[in-house]
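J.: any chance you could fold what I've pasted below:
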Amino acid sequence: MANLFHEVVDSRRTIRDFLPDPVPIEVLERCIDAACKAPSSSNLQLWEFVWIENQDKRKEANKICLNQGAVKTAPVLLAIVTHRSNWRRNRNEILRIFKSRGSIRPTTHRYYSTVIPFIYTNGPFNLLGFWKPLVGRLISFFRPTPSLHTQTDVRVMSHKSTALAAATLMLALRAEGYDSCPMEGFDPWRAKKLLNLSSQSEVCMFLAVGKRSPKGLWWERILMPRTWTYRKI
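T.: Residues are numbered from 1 along each chain as shown. Below you'll find the model as predicted:
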């Protein structure tokens, strides 16, 4: 099992050119199901995978992604979106499922009913968002205290969780024999308009998906020295 996982990790590369071979929808949906099992902050799963299938929208998406080689040749293009305003809907669903199982602990109920709203709510004109970090910093002088989130903190947190799902998706695709290219080079304002996103939603990345062509891999993998990426204290 461990060897199979490491084979997938070692063979996953960022591919810049794809064959025209289609990606079966059952493969894509199976990989997205796997991605939805990725860890997320408080299990809120504030992500969405948008398959840009309409040809007119796809042409516009290609332009939004600066007509990179990967996006022009990939048979499938996904927009991986984070919706931080969905915290309340998803929180309610988590509580509903816990209650249906008859297994919710008082501490869990209190966390989702009290702590989560406090984390994600910053009030009109971000007034709470201004004071929460100051209060948290004062408390931290006396005991360890998590960040009391500003709007920026919530935004960063939702993108981190969505990126974990994207990474899981890329590994799942590779396990199925397909390749991908995550892209951060795109026009975020045009992307919002294309996908009809609210002010509380953003594209975390676009993901080109398909089978690599012979010229899809630009160079051998380059890794930073372990001493730069790992240490003990």
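J.: separation between residue 192 and residue 202?
T.: Separation of residue 192 from residue 202 (Cβ to Cβ, to the nearest Å) stands at 7 Å. From N, CA and C alone the C-beta is placed, and that goes for glycine too.
J.: per-domain residue ranges of the protein.
T.: Here the domain parsing of the chain from automatic domain parsing is 2-85+153-216, 87-151.
J.: would TSV of the ones you listed with mean neighbour count, mean pLDDT and distance to residue 224 be doable?
T.: TSV is the format used below for these (neighbours: other Cβ atoms under 10 Å; pLDDT from 0 to 100; distance: least, Cβ to Cβ, whole Å):
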stretch	mean neighbour count	mean pLDDT	distance to residue 224
domain 2-85+153-216	17	97	16
domain 87-151	13	86	28
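J.: CA atoms only: put stretch 220-233 into PDB for me.
T.: Provided in PDB are the C-alpha atoms of stretch 220-233 (Å, rounded to 0.1, in the frame of the first residue of the first chain):
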ATOM      1  CA  GLU A 220      13.100  16.800 -14.500                       C
ATOM      2  CA  ARG A 221      11.800  17.400 -11.000                       C
ATOM      3  CA  ILE A 222      13.800  19.900  -8.900                       C
ATOM      4  CA  LEU A 223      13.500  19.600  -5.100                       C
ATOM      5  CA  MET A 224      15.000  21.900  -2.500                       C
ATOM      6  CA  PRO A 225      17.500  20.300   0.000                       C
ATOM      7  CA  ARG A 226      15.900  18.500   2.900                       C
ATOM      8  CA  THR A 227      17.800  20.800   5.300                       C
ATOM      9  CA  TRP A 228      15.800  23.700   3.800                       C
ATOM     10  CA  THR A 229      12.400  22.000   4.300                       C
ATOM     11  CA  TYR A 230      12.800  20.100   7.500                       C
ATOM     12  CA  ARG A 231      14.300  20.600  11.000                       C
ATOM     13  CA  LYS A 232      14.000  19.600  14.600                       C
ATOM     14  CA  ILE A 233      13.800  21.900  17.600                       C
END
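J.: which residues touch that stretch?
T.: Stretch 220-233 has contacts (Cβ atoms under 8 Å, 6 or more residues apart in numbering) with residue 13.
J.: that one: how far from the chain's middle?
T.: From the chain centre to the centre of stretch 220-233 is a distance of 24 Å (Cα atoms, centre = their mean, to the nearest Å).
J.: ditto for stretch 38-47
T.: Per Cα atoms, centre = their mean, the displacement of stretch 38-47 from the mean C-alpha position of its chain is 9 Å.
J.: elements contacting the longest strand along the chain?
T.: Counting by DSSP state E, the longest strand found in the chain is strand 201-210. Using 3 or more Cβ pairs under 8 Å, 6 or more residues apart in numbering; DSSP states H and E, the elements in contact with strand 201-210 are helix 69-73, strand 76-83, helix 151-175, strand 179-183, helix 188-195.
J.: reformat those as CSV; add distance to residue 220.
T.: Converted to CSV, the helices and strands packed on strand 201-210 look like this (distance: least, Cβ to Cβ, whole Å):
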stretch, distance to residue 220
helix 69-73, 18
strand 76-83, 26
helix 151-175, 17
strand 179-183, 16
helix 188-195, 32
